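Q: Generate coordinates for the sequence data below:
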Amino acid sequence: MTRLMRRLALSRGLLAGPVVFVTAAAVMAGGALWLPAGRAQIDHIVLPVVLFPAIWALLFFYASLDRQLLRAWLLVGAVLAVHLGAIAWHLHGAGVLA
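A: Residues are numbered from 1 along each chain as shown. All right, here's what the predicted structure looks like:
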C-alpha cells in the first residue's frame, strides 16, 4: 500500500469512527430542539434517543461509502457544526452560557 492510500484509509477510518459517533450524539442532543413536542411533551426527547442507531448508521455508511472523502468530511462537519450551534444558541438563550 502506498503512503497516500494509507493516509486516506486513516482519514476515512477517523471520519467513519469517532467523528461520526460524536456527530450522531450531537444530532441526538440537538434533536430535542427541532422535533415537535408531541401530546405527552416527551416525544422530542425520546425520539432522538430511539433514532440514535439509525442516525449513526446513516452517517457511518455515508462516510464509509462516499467516493469523495473531502465531501464526506465537509458534510459530516457541517451537520456537526449546525447541531452544536443550535445547542449553543439554545443554551445561550436560556442563560446557561452567559
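
Q: can you pull out the helices in the protein?
A: 3-14, 20-34, 43-65, 69-93 (DSSP state H).

Q: Could you look over the ones you listed and pick the most buried one?
A: helix 20-34 (a mean of 19; mean count of other Cβ atoms under 10 Å). All C-beta spots, glycine's among them, are computed from the backbone N, C-alpha and C.

Q: Residues contacting it, please?
A: For helix 20-34, the surrounding residues in contact (Cβ atoms under 8 Å, 6 or more residues apart in numbering) are 44-45, 47-49, 51-52, 55-56, 59-60, 63, 76, 79-80, 82-84, 86-87, 90.

Q: Now do it: distance to the chain's middle.
A: A distance of 5 Å separates the centroid of the chain from that of helix 20-34, by Cα atoms, centre = their mean, to the nearest Å.

Q: Now do that helix, average pLDDT.
A: The average of the pLDDT scores along helix 20-34 is 92.

Q: cool, stretch 91-98 as well?
A: Stretch 91-98 shows a mean pLDDT of 78.

Q: which residues touch that stretch?
A: The contact list for stretch 91-98 (Cβ under 8 Å, 6+ apart) reads Ala88.

Q: how far away is Ala57 from Gly38?
A: Taking Cβ to Cβ, to the nearest Å as the measure, Ala57 falls 24 Å from Gly38.

Q: same thing with Leu51?
A: Using Cβ to Cβ, Leu51 is found at 14 Å from Gly38.

Q: In space, not sequence, find me the middle residue of the protein.
A: Centroid-nearest residue in the chain: Thr23, 2.4 Å away (criterion: Cα atoms, centre = their mean).
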